[in-house]
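S.K.: What follows is a predicted protein model with its sequence.
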Amino acid sequence: MAEYIITIGLEVHAQARTRSKMFDGCSADYAGSEPNTHVSVVSMALPGAMPVINARAIEIAALSGLALNCTVNRTSVFARKSYPYPDLPKGYQITQYDQPICTEGWVEIIGDDGNLKRIAIERLHIEEDTGRLVHADGATSLIDYNRSGVPLMEIVSKPDIASPEEAKRYFQKLHQIMVWIGANHGDMEHGELRCDANVSLRPKGQVEYGAKVEIKNMNSFRAVERALNYEVQRQIKVLESGGEIVQETRGWNEDQGVTIAQRSKEFAHDYRYFPEPDLPPLILSDEWIAARKAELPELPDARRARFEAEYGLSFQDADLLTSERPIADYYETAVEAARAVGGSPKEVANWIGGELFRLLKDGAWDAGQLAVQMPPQHIAALIDMLAKSVINRTVAKQVFEESYTTGANPTQIVKDKGLTQISDSDALSAVAREIIASDACAKAVAEYRNGKASAIQFLVGQVMKATKGKANPQAARAALEAELSH
């Protein structure tokens, strides 16, 4: 089998998080609404209805472009993209073509070789979203126009992506940034962030790209990876059998796990682009662009690098803690609280990356609720009690989970349940004698006295069990060693 070079570019569509639609004042908050209840004369393209640009949508587009390292162009132009499809009530879409609002950006992902890789972004333009087709049965299609006219940003990468796995990581990166800056809700299930992919193969050594196939209908990270993996294998089979790849648009069928041919791939001239006559060119001043730059928060990559430098975290820990902005904010608040009692940023990272992430995964709480459900000061209280040997680590994990589940202060939980660590030598000596004398421990006792030092670990475990985890493990070991020496 010949070796092939995979070339992938993604077109990510992200709805701008605005209260109203792109070209009228109709509500853009349509999620969960009855079909065709969030519509207006503009979004339904009734005769005489005229578009008016949503200023906040333009601000969000510029903000997003800046977050993706793009240039915000001082002049951009809206255009009509003509194609006859039922989800477009006008018969054309108002979008941007040769003069988009943002161009020439990039983001960094982890490449297939494990190193940072820069994926170039060709453009970010803004347009109106389409309606949604609902295929009720084999013969009927229904149209819901609630989504029609919602501000939509299209982010087009250059063909820098070399595998389905890199494509997934790139899509995840855009999702992270868009949600981080508040430009998009990140809800892929309802189509607020979705993706099309262009993929081509060519034999290794060939300079010219192969025929480009577009894949549509992908609304999850997993779907992007699966669809591209399938399509790559499909194209390899065609090429290996002597066939030729046809430039076309294919749809991803999630249930069957296959791409399905839909239509021949259009070219730009097929859409008959021309400037939108009802909207003037968009002129942005230097002061306006500077104001958008001032709105940008510290971005995920910058915050990750700062966590490494300022808190001494590994790349992996810092990357995990900056996966979502509420998590990063929570971590920094917890660090401040922990430092007040002598705790370290690394200890806080261990608790959040370990126990807290486990509970977040298993439970129903989301990152945005953390500060209420598990105040960062509670983590500091646990770290303080551990440092002072009030509790041991086993008990600390139990208390952490109860504090997360109930919202109770860890200090109060320890007090109310009598979980204070047993370090008293007389009390532990008494427990140690009982353990050594028990039949269940006779074998371990004999092994230890015959020179197998590791056998004491079993006996320490029995002391912990007898004290319901409250014994100081080091003190328990010392008591056992003293009693076994008699």
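M.R.: Done, it's in. Just so we're clear, the structure is a prediction, and the values are computed from it rather than from any experiment. Numbering: from 1, shown residues only.

S.K.: what pLDDT does V150 get?
M.R.: Per-residue pLDDT puts V150 at 95.

S.K.: tally of neighbours for the nearest residue to it once chain neighbours are set aside?
M.R.: Spatial nearest neighbour of V150, chain neighbours left out: D129 (4.2 Å); criterion: Cβ to Cβ, 6 or more residues apart in numbering. C-beta here means a position set from N, CA and C on the backbone, and glycine is covered the same way. Using other Cβ atoms under 10 Å, D129 has 23 neighbouring residues.

S.K.: Then P164?
M.R.: P164: 21 surrounding residues under other Cβ under 10 Å.

S.K.: Next up, the contacts around it.
M.R.: P164 makes contacts with 6, 8, 224-229, 232, as judged by Cβ atoms under 8 Å, 6 or more residues apart in numbering.

S.K.: Give me the subset of the residues you listed that lies in strands.
M.R.: If you go by DSSP state E, those have 6, 8 in strands.

S.K.: Out of the contacts of P164, which is nearest to E165?
M.R.: Among these, E225 lies closest to E165 (Cβ to Cβ), at 6.4 Å.

S.K.: Is it correct that that closest one is in contact with E166?
M.R.: No. E225 lies out of contact with E166 (Cβ atoms under 8 Å); the separation is 9.6 Å.

S.K.: And these two? Which one has more around it.
M.R.: The neighbour comparison of E225 against E166 (other Cβ under 10 Å) goes to E166, with 22 against 19.

S.K.: Please name the nearest non-neighbouring residue to D24.
M.R.: V42 (3.7 Å).

S.K.: no no, F458
M.R.: A444 (4.5 Å).

S.K.: Would you double-check that the one you found falls in a helix?
M.R.: Yes. Judged by DSSP: H, G, I helix; E, B strand; the rest coil, A444 forms part of a helix.

S.K.: Show the contacting residues for it.
M.R.: Residues counted as contacts of A444 (Cβ under 8 Å, 6+ apart) are 455-456, 458-459.

S.K.: Which secondary structure state does the closest residue to R263 other than its chain neighbours sit in?
M.R.: Leaving aside its sequence neighbours, R263 sits nearest to T249 (Cβ to Cβ, 6+ apart; 5.2 Å). Secondary structure state of T249, per three-state DSSP, is strand.

S.K.: Surely T249 and I260 touch.
M.R.: No. If you go by Cβ under 8 Å, T249 and I260 don't touch, sitting 10.1 Å apart.

S.K.: Kindly list the single helix or strand of the protein that scores lowest on mean pLDDT.
M.R.: Scoring the helices and strands of the chain by mean pLDDT, DSSP states H and E places helix 425-437 at the bottom, with a mean of 70.

S.K.: hmm, back to that, quick one: the residue nearest to R263 from Y404, how far?
M.R.: T249 sits 47 Å away from Y404, going by Cβ to Cβ, to the nearest Å.

S.K.: what's the answer for P51, then?
M.R.: 49 Å.

S.K.: Show the average pLDDT along the helix or strand in which E166 is found.
M.R.: Here E166 sits within helix 164-180, counting by DSSP states H and E. Averaged over helix 164-180, pLDDT sits at 97.

S.K.: Just name whatever secondary elements the very next helix or strand once past that helix is in contact with.
M.R.: Next along the chain after helix 164-180, taking DSSP H and E as the criterion, comes strand 193-203. When contacts are defined as 3 or more Cβ pairs under 8 Å, 6 or more residues apart in numbering; DSSP states H and E, strand 193-203 packs onto strand 4-15, helix 164-180, strand 213-218, helix 221-240.

S.K.: Pick out the residue closest to the middle of the chain.
M.R.: By Cα atoms, centre = their mean, the mean C-alpha position of the chain lies nearest to Q176, the distance being 4.9 Å.

S.K.: wait, what's in contact with the residue nearest to it when sequence neighbours are not counted?
M.R.: Nearest residue to Q176, sequence neighbours excluded (Cβ to Cβ, 6+ apart): P300, at 5.7 Å. P300 sits next to 176-177, 180, 322-323, 325, 328 when contact means Cβ under 8 Å, 6+ apart.

S.K.: Can you give the domain ranges for this protein?
M.R.: Listed domain ranges for the chain are 4-292, 298-417, 425-484 (source: automatic domain parsing).

S.K.: Lowest average confidence across those, which one?
M.R.: domain 425-484 (a mean of 74).

S.K.: can you give me the offset of it from its chain's centre?
M.R.: 47 Å (Cα atoms, centre = their mean, to the nearest Å).

S.K.: same check, this time on stretch 207-222
M.R.: Computed by Cα atoms, centre = their mean, the chain-centroid distance of stretch 207-222 equals 21 Å.

S.K.: What are the buried residues along that stretch?
M.R.: Neighbour-count burial for stretch 207-222, counted by 16 or more other Cβ atoms under 10 Å, picks out 210, 212-221.

S.K.: Output that stretch as CSV, restricted to C-alpha atoms.
M.R.: Output of stretch 207-222 as CSV, limited to C-alpha atoms (Å, rounded to 0.1, in the frame of the first residue of the first chain):
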residue,chain,number,x,y,z
VAL,A,207,3.2,18.2,-4.5
GLU,A,208,-0.3,18.9,-5.8
TYR,A,209,-3.2,18.4,-3.4
GLY,A,210,-5.6,15.7,-4.1
ALA,A,211,-9.3,16.3,-4.8
LYS,A,212,-11.0,18.0,-1.9
VAL,A,213,-14.0,16.3,-0.2
GLU,A,214,-16.2,18.3,2.2
ILE,A,215,-17.8,16.6,5.1
LYS,A,216,-20.8,18.1,6.8
ASN,A,217,-23.1,17.5,9.8
MET,A,218,-20.4,17.0,12.6
ASN,A,219,-21.5,18.5,15.9
SER,A,220,-19.0,16.8,18.4
PHE,A,221,-15.3,16.3,18.8
ARG,A,222,-15.8,12.6,18.5
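
S.K.: Go ahead and name everything in contact with that stretch.
M.R.: 7, 159, 168, 171-172, 175, 188-189, 191, 193-202, 224, 227-228, 231, 235, 244-254, 259, 262, 265.
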